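Asker: Sequence first, then the predicted structure, then my questions.
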Amino acid sequence: YVAILLFLPFIGSISFSGFSQYWPWFLGGGLAFALSHFFSYKLMTYLDAGFSSVLSTLYVPFTLLFAALVLHEELNIAQAAGGFILLIAVYYGLLIARSSKHHTVKRPWLWGLLFAVLASVSLAIALVNEKFLLGHMNIASYIAFGWAAQVVMAQAIAYKNYNHIKIFRRSRVLYLTLIVGGTR
């Protein structure tokens, strides 16, 4: 995020009035993005990666629905058909997962479905919120404040897992990997 801030003058000017006017949307969108990642992580702890990726596509119909309701975007026939086909594919995948003996990592598939829906709804809210904000400000302002809100909210959610982060301080290899990745 800090590296991106250095390039913002080349993208455009930052308007602080946009932040003061839309700060609840920035915080809400940041929280929605962070929750979508949190729920996606929980989804992967309940179901295998292949099926989790299929369930993760549920954000598409939710995004179409929320965009129509909140942004008053019109849903065309191709979007409606694509959303319907996607729902049928997810349902078919659920039928397969229910009947498979190897469909869970730790817990029943129903918990995975719950977290998939929560992740999808969170991501759909975040995307519609992002589209709303981009319609009311320039890209530089959105990057400066929207991404900052995402980072802050993700850190707030991850804070309870802070003990797991201490591994970077104990392991020289992981610490160096973090340094190299960050500077790259």
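Answerer: Nice, I can see it.

Asker: and the closest residue to Glu74 other than its chain neighbours, how many residues sit next to it?
Answerer: Closest residue to Glu74 apart from its sequence neighbours, by CB to CB, 6 or more residues apart in numbering: Ala68 at 7.2 Å. To be clear about C-beta, it is placed using only N, CA and C from the backbone, and glycine gets the same treatment. By the measure other CB atoms under 10 Å, the count of residues near Ala68 is 15.

Asker: what comes up buried for the one helix or strand Ala68 maps to?
Answerer: Ala68 is part of helix 59-70, with elements assigned from DSSP states H and E. Using 16 or more other CB atoms under 10 Å as the test for burial, helix 59-70 gives Tyr59, Val60, Pro61, Phe62, Thr63, Leu64, Phe66, Ala67.

Asker: same question, stretch 40-58
Answerer: Buried-residue list, stretch 40-58, by 16+ other CB under 10 Å: 40, 42-44, 46-48, 51-52, 54-56, 58.

Asker: show me where this structure has helices.
Answerer: 2-11, 16-46, 49-55, 59-70, 77-99, 109-134, 139-158, 162-165, 167-170, 172-183 (DSSP state H).

Asker: quick one, which of those helices is packed in tightest?
Answerer: Of these, the one with the most neighbours on average (mean count of other CB atoms under 10 Å) is helix 109-134, at a mean of 20.

Asker: distance between that one and the chain's centre?
Answerer: 7 Å (CA atoms, centre = their mean, to the nearest Å).

Asker: what's it packed up against?
Answerer: Judged by 3 or more CB pairs under 8 Å, 6 or more residues apart in numbering; DSSP states H and E, helix 109-134 is in contact with helix 16-46, helix 49-55, helix 59-70, helix 77-99, helix 139-158.
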